[in-house]
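> Sequence first, predicted model second:
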Amino acid sequence: MRLTHLADYAVVIMTAAARREAGARLSASELAQETGVRLPTTQKLMGRLAAEGLLTSVRGATGGFALARPAEAITLADIVEAVEGPISLTMCATGENHDCALDAICHVKPHMGVVGNAIRGALGAVSLQALCAPASAGEELAR
């Protein structure tokens, strides 16, 4: 499983936002400059993250975006799903066989939901706060 560029950039943007003081408002321009993610992509992602309830937005001269919840209450799974949709390892795990030649005889398909839940659980065990902490050589984020 590999994250798309958009999911990767969303994680980068959210960690940059989480490093600010609680409640601090940020503009897409500030985050784009700080992270190196292009401004149109930053704007798109911030809109999607706000629509999914991970960021709040306030319009006006003193407006901007802020984390909707504390960094310890937002997980890597939340961010990935906000951008990618529900986590599933295979297309058939969502109930859509996409014309799979093995659909009628596949003995693995019924178990793929378990695999997807395990992956979601692993990503859900990593908080945004943990992603903001300085990493030590060889240190794992979640144990």
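Cool, the structure landed.

> Spell out the residue ranges of the helices in the protein.
For the chain, applying DSSP state H gives helices covering 5-18, 28-35, 39-51, 76-84, 112-124, 128-132.

> Tell me the buried residues in the fifth one?
Using 16 or more other CB atoms under 10 Å as the burial criterion, the residues of helix 112-124 that qualify are Met112, Gly113, Gly116, Arg120, Leu123, Gly124. All C-beta spots, glycine's among them, are computed from the backbone N, C-alpha and C.

> Report the two of these separated the most.
Met112 and Gly124 (18.0 Å; CB to CB).

> so where is this protein shaky, pLDDT-wise?
Applying pLDDT under 70 to the chain picks out residues 1, 91-98, 136-143.

> my read: Leu128 touches Glu72, true?
Yes. Contact criterion CB atoms under 8 Å: Leu128 and Glu72 qualify, at 7.4 Å.

> Counting neighbours, go ahead and name the busier of these two.
Applying other CB atoms under 10 Å to Leu128 and Glu72 shows that Leu128 carries more neighbours, namely 24 against 12.

> wait, isn't Arg48 in contact with Val83?
Yes. With contact defined as CB under 8 Å, Arg48 and Val83 form a contacting pair (6.2 Å).

> Quickly list what's touching both of the two.
Listed as contacting both Arg48 and Val83 by CB atoms under 8 Å, 6 or more residues apart in numbering are Ala10.

> ok, those two, which is more surrounded?
Comparing Arg48 with Val83 by other CB under 10 Å, the one with more neighbours is Val83, at 21 against 15.

> Ramachandran coordinates for the residue lying farthest from the centre of the chain?
The centre of the chain is farthest from one residue, Ile105, which by CA atoms, centre = their mean lies 34.4 Å away. With angles defined as degrees, to the nearest 10, Ile105 sits at phi -120, psi 0.

> Let me know the distance separating it from Ser88.
21 Å (CB to CB, to the nearest Å).

> ditto for Lys44
For Lys44, the distance to Ser88 equals 23 Å [CB to CB].
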